[in-house]
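[1] predicted structure and sequence below. I'll ask about it afterward.
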Amino acid sequence: MANFTIADLKALREQLGTGMVDTKKALEEADGDVQKATEILRLKGAKGNAKRADRSTSEGLIVAREQDGAVTLIELACETDFVAKNDRFITLAEKVADAVSAIKADSVEAALAAEAGSQTVEQLISEEAAIIGEKVELRRVRTVTGDKVEVYLHRTSKDLPPQIGVVVAYTGDDAETARSIAQHISFANPSYLSREDVPTEAVEKEREIVTEISRNEGKPEAALPKIVEGRVSAFIKQVALLEQDYAKDNKLSVAQVAKDAGITVTDFARFKVGA
């Protein structure tokens, strides 16, 4: 009988984030030697990385790093919430964020090529995924720069690390309002900063859709232009941050709140795990 206890099994599983069956088999093969069992799991995991390539990664976490007036936001994804809250996975995310922010990467490709000690971020993730036993991927990276920046990380569950991350770049001196706008973004999920930033193609596509909807509703042809423009304006108000109703006071737009606080929002980014 292998020389290990249930406590040993639990401790190794929590340390590595590996499955119960695989961890038990490794300890049995290693006759209770934790270091040897870790090596067994690592080798087995390396062989399994390719097999896991097609698996979905709907869990994970968001990490933000601020450096020299810039904030880098990353989403590191995994397969299960068990791994997402595991210390090893969280430590991996922190290392990735450190390496990626050091070069202010603004794409996954650049981030994966960043140096993380003696290896690249891509190699680090692959190596750790082999130990963890799940598919792990760097899904998104964005670096936001500005005169000033504010970060908001939100936990959708108290048992999990941050699942939503927001960065707001702005000018002015009211950090409290900038953070409040970041919180608004986490809830309202705008796609663009201002009305002018909404692509013409997106506006025209929406115009086509609401025109068809309005006709199907039997709206008078003479009234269609006004109805359509009203619905297009509502669409822009939904997707453009500065046009949105402020979450804490829907009588005010985000633009008005920023103006009253003497700040100007110049850029933002929002990541949500799995979205």
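    Looks like it arrived, so ask away.

[2] just for the chain, where's the confidence low?
    Applying pLDDT under 70 to the chain flags residues 1-2, 16-19, 42-54.

[3] tell me how far S56 lies from D249.
    39 Å (CB to CB, to the nearest Å). In short, each C-beta sits where N, CA and C put it, glycine included.

[4] to clarify, my last question referred to T23.
    52 Å.

[5] these two - which one has more neighbours?
    T23 (25 against 10; other CB atoms under 10 Å).

[6] dump the residue contacts of that one.
    Applying CB atoms under 8 Å, 6 or more residues apart in numbering, we find T23 in contact with 9, 12-13, 16, 37, 41.

[7] which residue packs closest to it, ignoring adjacent ones?
    If the residues on either side of it in the chain are set aside, T23 comes closest to R13, at 4.6 Å by CB to CB, 6 or more residues apart in numbering.

[8] what about the helices in the chain?
    For the chain, the helices defined by DSSP state H occupy 6-16, 20-29, 34-48, 81-84, 87-102, 108-113, 121-132, 175-188, 200-216, 224-239, 254-260.

[9] dump these to a markdown table, plus distance to V71.
    Putting these into a markdown table (distance: least, CB to CB, whole Å) gives the following:
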| stretch | distance to V71 |
| --- | --- |
| helix 6-16 | 31 |
| helix 20-29 | 37 |
| helix 34-48 | 32 |
| helix 81-84 | 22 |
| helix 87-102 | 8 |
| helix 108-113 | 14 |
| helix 121-132 | 18 |
| helix 175-188 | 11 |
| helix 200-216 | 26 |
| helix 224-239 | 23 |
| helix 254-260 | 18 |
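
[10] which one of the ones you listed lies nearest to I62?
    I62 sits nearest to helix 87-102 of all the helices of the chain, at 8.6 Å, using CB to CB.

[11] contact partners of that closest one?
    14-17, 61, 63-67, 70-72, 74, 76, 78, 83, 111, 114-116, 121, 124-125, 128, 131-132, 136, 138, 141, 143, 161.

[12] with only the CA atoms kept, save it in PDB.
    Provided in PDB are the C-alpha atoms of helix 87-102 (Å, rounded to 0.1, in the frame of the first residue of the first chain):
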ATOM      1  CA  ASP A  87      -3.200  29.100  -5.700                       C
ATOM      2  CA  ARG A  88      -0.900  27.700  -8.400                       C
ATOM      3  CA  PHE A  89      -3.100  29.100 -11.200                       C
ATOM      4  CA  ILE A  90      -3.400  32.400  -9.500                       C
ATOM      5  CA  THR A  91       0.400  32.600  -9.100                       C
ATOM      6  CA  LEU A  92       0.800  31.700 -12.800                       C
ATOM      7  CA  ALA A  93      -1.500  34.600 -13.700                       C
ATOM      8  CA  GLU A  94       0.500  37.000 -11.500                       C
ATOM      9  CA  LYS A  95       3.700  35.900 -13.200                       C
ATOM     10  CA  VAL A  96       2.200  36.300 -16.700                       C
ATOM     11  CA  ALA A  97       0.800  39.700 -15.800                       C
ATOM     12  CA  ASP A  98       4.300  40.800 -14.500                       C
ATOM     13  CA  ALA A  99       6.000  39.700 -17.700                       C
ATOM     14  CA  VAL A 100       3.400  41.100 -20.100                       C
ATOM     15  CA  SER A 101       3.100  44.500 -18.400                       C
ATOM     16  CA  ALA A 102       6.900  44.800 -18.400                       C
END
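
[13] what about the closest residue to A116 other than its chain neighbours, how many neighbours?
    Sequence neighbours aside, A99 is the residue nearest to A116 in space, at 4.0 Å (criterion: CB to CB, 6+ apart). Look at A99: counted by other CB under 10 Å, it has 23 neighbours.

[14] and stretch 122-139, which residues are buried?
    Neighbour-count burial for stretch 122-139, counted by 16 or more other CB atoms under 10 Å, picks out 122, 124-139.

[15] with stretch 193-207 instead?
    For stretch 193-207, burial by neighbour count (16+ other CB under 10 Å) applies to 193, 195, 198, 206.
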